[in-house]
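Undergrad: The sequence and its predicted three-dimensional model are supplied below.
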Amino acid sequence: MAARHGRHRRKHGLIAVEGIKPIQEALRAGLTPTAVTAKDENTLYQLSFPETCPAYVSPQALSEVASTAGPLPAAALFDMPPTPPPPRHVRRALILDHIQHPGNAGALVRTALWFGVEHLIFYGGIDPWHPRLISGSAGAIFHISWQQATAPEPLTHFLQARRLPLFTAVMDGPPIDQIERPSAFALIVGNEGHGLSPHWNSEAARPVSIPACQPFESLNVAVAAAVILYHWRPC
């Protein structure tokens, strides 16, 4: 299936969206479906496709569309939306530093949207159009501004141009309840196995940590981001 792998997605201009809620969010965001498959007619009706209904693929083909082997009520192919230019004004950003796990990345996207983050930056790591990231975000990826960065220099220029103070989520920094809530920030969360990229050591980023009641290895990266973003929410 062309939409399973990043290079094929870009080549064919298609993304795969799995599950009822993510498909509904893709439709709500104005994306154009090209093909759909569902386990039964009731599920297909529940998706409420526009009058120009896309081609229907039989349930037998569902496993070929899906990126997971588990049961799936529906999946659809959509034309890949263009990546919009980075916003000129950003006050709240989240940087995913080489996050590889699609479930973690999807949860981070969903959490960021919930707590008022305006812009996401995928610095290395997973393709934002990975089907399991889309599903893990419950379709939130369609409703938040984001960009990809593969080199530090353009990313540094973006952050400096918008005068965003940098904060890194770490294990041994000052506790979050001892830091005044910033009105603007770029929060950087790193790969759970390898931590943050060395690049951030030279960027005058302020560390922030979450106090633990019991010593343990670490929090899940999406949980850690949720705690910090809750403390710094604008509402």
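TA: Done, it's in.

Undergrad: CA-only coordinates of stretch 143-151 in PDB, if you can.
TA: Extracted in PDB, the C-alpha atoms of stretch 143-151 (Å, rounded to 0.1, in the frame of the first residue of the first chain):
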ATOM      1  CA  HIS A 143      -6.100  21.100  13.300                       C
ATOM      2  CA  ILE A 144      -2.700  22.400  14.400                       C
ATOM      3  CA  SER A 145       0.100  24.200  12.700                       C
ATOM      4  CA  TRP A 146       3.300  22.200  12.200                       C
ATOM      5  CA  GLN A 147       6.600  22.000  10.300                       C
ATOM      6  CA  GLN A 148       9.500  19.600  10.000                       C
ATOM      7  CA  ALA A 149      13.100  20.400  10.500                       C
ATOM      8  CA  THR A 150      16.000  18.200   9.700                       C
ATOM      9  CA  ALA A 151      18.900  20.500  10.500                       C
END
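
Undergrad: Give me the contact list for it.
TA: With contacts defined as CB atoms under 8 Å, 6 or more residues apart in numbering, stretch 143-151 is touched by 25, 29, 83-84, 86-87, 90, 109, 112-113, 117-124, 128, 155, 158. Just so you know, the C-beta spots here come from the backbone N, C-alpha and C atoms, and that holds for glycine as well.

Undergrad: Just the buried residues of these.
TA: Those of the contacts of stretch 143-151 that meet the buried threshold are 25, 86, 90, 109, 112-113, 117-124, 128, 155, 158, by 16 or more other CB atoms under 10 Å.

Undergrad: before we move on, the earlier item: just the contacts of stretch 143-151: which are in helices?
TA: Residues of these located in helices (DSSP state H): 25, 109, 112-113, 155, 158.

Undergrad: which one among those gets closest to Ala226?
TA: Checking these against Ala226 by CB to CB gives Ala112 as the nearest, at 9.2 Å.

Undergrad: beta partners for the closest residue to the closest one other than its chain neighbours?
TA: Using CB to CB, 6 or more residues apart in numbering and skipping the chain neighbours, the partner closest in space to Ala112 is Leu94 (4.8 Å). Leu94 has these beta-bridge partners by DSSP bridges: Leu120, Leu187.

Undergrad: How many neighbouring residues does Leu94 have?
TA: As a burial measure, Leu94 scores 27 neighbours (other CB atoms under 10 Å).

Undergrad: mind checking how far it is from Leu229?
TA: 7 Å (CB to CB, to the nearest Å).

Undergrad: Quick check: neighbours shared by those two?
TA: Counting by CB under 8 Å, 6+ apart, the residues touching both Leu94 and Leu229 are 112, 117, 187.

Undergrad: In this structure the first one contacts Ile95, no?
TA: In this case it means Ala112. No: Ala112 sits out of contact with Ile95 when judged by CB atoms under 8 Å, with a separation of 10.4 Å.

Undergrad: Name the residues contacting each of the two.
TA: Leu120.

Undergrad: Where does the prediction get shaky in the chain?
TA: Of all residues in the chain, those with pLDDT under 70 make up the ranges 1-9, 50-55, 57-71.

Undergrad: Let me see the contact set for the most centrally placed residue in it.
TA: With distances taken as CA atoms, centre = their mean, Val109 lies nearest the centre of the chain, 3.5 Å away. For Val109, the contact set (CB under 8 Å, 6+ apart) comprises 120, 133, 136-137, 140-141, 144, 146.

Undergrad: now, which of those residues lie within helices?
TA: Using DSSP H, the subset of the contacts of Val109 located in helices is 133, 136.

Undergrad: From the centre of the chain, point out the most distant residue.
TA: Glu41 (30.5 Å).
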